[in-house]
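Novice: Sequence first, then the predicted structure, then my questions.
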Amino acid sequence: MVRKPAVVIVTFGADADGVGGVLRQLGPIAGPLVLVDNTPDAPVPCFDGAICIANGNRGGLAGAYNRALEQVADKADLVVFVDQDSDVSVLAEMLADPDVQALLDRDDVAAVAPIYRDRATGMRGRPALLQGRWRVTHLPRQFDDLRRTTMAINSMTIWRMAALRQLGPFDEGLGVDHVDTEMALRAADDGLSIWIAGAHVFDHSIGQRQVWRAFGRTFQTGGHSPDRRRQIGRNTALLARRWGWRFPSFAALALARLGYEAAGIIAVEDRRMAKLGALMRGIAAGFFVRR
């Protein structure tokens, strides 16, 4: 029998018709269904059958997740977080996958995620796997089996509620960027694994990505605004500082990611100086400002 997870959808500035369509898709496969609107002063109208929370962006995505978990933590043993721009059609088949179910029955598993495909570029993600303290690898872009990872984006990831209770609330000090990364690092530190189901693919938008090429390879850049670049720089540096002692491989990955972010801005984006300046200010804040 397929278990029905609690499903949490977080919206920001979304139109009611679009949200209603997503909720209708999720209704048949969801246990408790929670809609958290993070739009300040303009909440989306509530829908029948959903628990509706007007969060006003307090604590960003992390705050929205935490407010939702306060409502459903004792009502389901699984929970799925969904962004408003994620294609949810794959969720039913993933929940019915016996191999996914078997993983979610294990006490040493924190979560199982489908693989995302960026809407703008058509490229699948390559989640990172920390191998011991010093080595990091990335999963290939194409695979159809279940593979262990360290990182997974939170949207469409199926979490075991017991694992989230063990790990504690999402870090509202981070707001949006790397909220999922920080929780994944906590899971790794506690010996809980995260898995990617490569046969299950969903479309998702991360920023306004563009493809660029160099040295015979294809890369992506995020297209985020200067303010968002500042947040990305701050949170990436902050997590490198916080977790580098435990996972030096993550610190190296974070520094490489910041270089990749800067390279993409220089290669193809507009407002280069504003974005690079914001990124550098964020990095400085993350490394040197006490929290």
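Specialist: It's in. Numbering: from 1, shown residues only.

Novice: Please report how far the nearest residue to Ala92 once chain neighbours are set aside lies from Gly191.
Specialist: In this structure, Ala92 finds its nearest non-sequential neighbour in Ile29, 4.9 Å apart by CB to CB, 6 or more residues apart in numbering. For the C-beta atoms, the positions are set from N, CA and C on the backbone; glycine is no exception. To Gly191, Ile29 is 30 Å away according to CB to CB, to the nearest Å.

Novice: Torsion angles phi and psi at the residue nearest to Ala92?
Specialist: Note on Ile29: its backbone torsions stand at phi -110, psi 0 [degrees, to the nearest 10].

Novice: Which residue of Ile29 and Gly191 possesses the greater neighbour count?
Specialist: Ile29 (19 against 8; other CB atoms under 10 Å).

Novice: Hmm, Arg3 and that one touching each other?
Specialist: No. In this structure, Ile29 is not within contact of Arg3 by CB atoms under 8 Å, at 10.0 Å.

Novice: shared neighbours, the two?
Specialist: Leu95 (CB atoms under 8 Å, 6 or more residues apart in numbering).

Novice: quick one: whichever strand or helix holds Leu69 to chain centroid distance?
Specialist: Here Leu69, judged by DSSP states H and E, is contained in helix 60-72. On the basis of CA atoms, centre = their mean, to the nearest Å, helix 60-72 sits 14 Å off its chain's mean C-alpha point.

Novice: Tell me where the model's unsure across the chain.
Specialist: For the chain, the stretches with pLDDT under 70 are 1, 43-44, 290-291.

Novice: after the top helix by length along it, next one along is what?
Specialist: Using DSSP state H to define each element, the chain has its longest helix at helix 248-268. On the C-terminal side of helix 248-268, the closest following helix or strand by DSSP H and E is helix 272-288.

Novice: List the buried residues in that following helix.
Specialist: Neighbour-count burial for helix 272-288, counted by 16 or more other CB atoms under 10 Å, picks out 275-276, 278-279, 282-283, 285-286.

Novice: just checking, what packs against it?
Specialist: helix 226-243, helix 248-268 (3 or more CB pairs under 8 Å, 6 or more residues apart in numbering; DSSP states H and E).
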